[in-house]
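A.B. asks: here is a sequence together with a model predicted from it:
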Amino acid sequence: MAKELITKIKLQVPGGQATPAPPVGPALGQHGVNIGQFVSQFNEATKSANGVVTPVEISVFKDKSFTFVLKSPPAAVLIKQAAGIAKGSGNPDMEIVGKITKAQVEEIAKQKLNDLNTTILENALNTIEGTARSIGVEVIN
């Protein structure tokens, strides 16, 4: 028989670096989940993405057990990595802080395709380009 789902928790945690400190501890503790067990399983699953912010969706069941699903990193994080910048522009209309190529945009779009609300690569490219513009990163040919 299927377990009874209590809640789903969505967090963004640096890959391979989860700790019981906020945001993980308080989010899981209020539902009675074994925080240490989650931290060790998450860190093991994301050790290759060391330090990259990784969204995770945790399903908590009535018997205090849990499962989790890892998502791809946010588009803005991937864009900043590709452009080699630490943070986006505070004023993206006036200040360009980095540049990425169309090939890099396509690579990011393919990586994010499963988590976007489209299955068409061209639409995903437009979404990634829009995110790049919104953080002050110019897309060049």
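C.D. replies: Here it is on my side, so go on.
A.B. asks: SS state for the residue nearest in space to the middle of the chain?
C.D. replies: Residue closest to the mean C-alpha point of the chain, counted by C-alpha atoms, centre = their mean, is Pro73 at 2.9 Å. Under the three-state scheme (DSSP: H, G, I helix; E, B strand; the rest coil), Pro73 adopts coil.
A.B. asks: again with Glu129
C.D. replies: Quick answer, by three-state DSSP: Glu129 is helix.
A.B. asks: so that it lines up with my notes, have the first residue be 341 from now on.
C.D. replies: With 341 as the first residue, the last one maps to Glu469.
A.B. asks: quick one: contacts for it?
C.D. replies: Val445, Val479 (C-beta atoms under 8 Å, 6 or more residues apart in numbering). Placement of C-beta: from N, CA and C, glycine included.
A.B. asks: quick one: pLDDT of it?
C.D. replies: If you check Glu469, the pLDDT there is 95.
A.B. asks: swap in Lys387?
C.D. replies: As predicted, Lys387 sits at a pLDDT of 89.
A.B. asks: what's the closest non-adjacent residue to it?
C.D. replies: Of all residues not flanking Lys387 in the chain, Gly356 sits nearest, at 4.4 Å (C-beta to C-beta, 6 or more residues apart in numbering).
A.B. asks: I'd say the one you found and Asn390 touch.
C.D. replies: Yes. Assessed by C-beta atoms under 8 Å, Gly356 is found in contact with Asn390 at 4.4 Å.
A.B. asks: ok, the two, which is more surrounded?
C.D. replies: Between Gly356 and Asn390, counted using other C-beta atoms under 10 Å, the more crowded position is Gly356 (17 against 11).
A.B. asks: mind telling me what element that one is part of?
C.D. replies: Of the helices and strands defined by DSSP states H and E, none includes Gly356.
A.B. asks: got the contact list for it?
C.D. replies: Asn383, Thr386, Lys387, Ser388, Ala389, Asn390, Gly391.
A.B. asks: distance of it from Glu397?
C.D. replies: Computed with C-beta to C-beta, to the nearest Å, the distance linking Gly356 and Glu397 is 18 Å.
A.B. asks: that'll do, ta.
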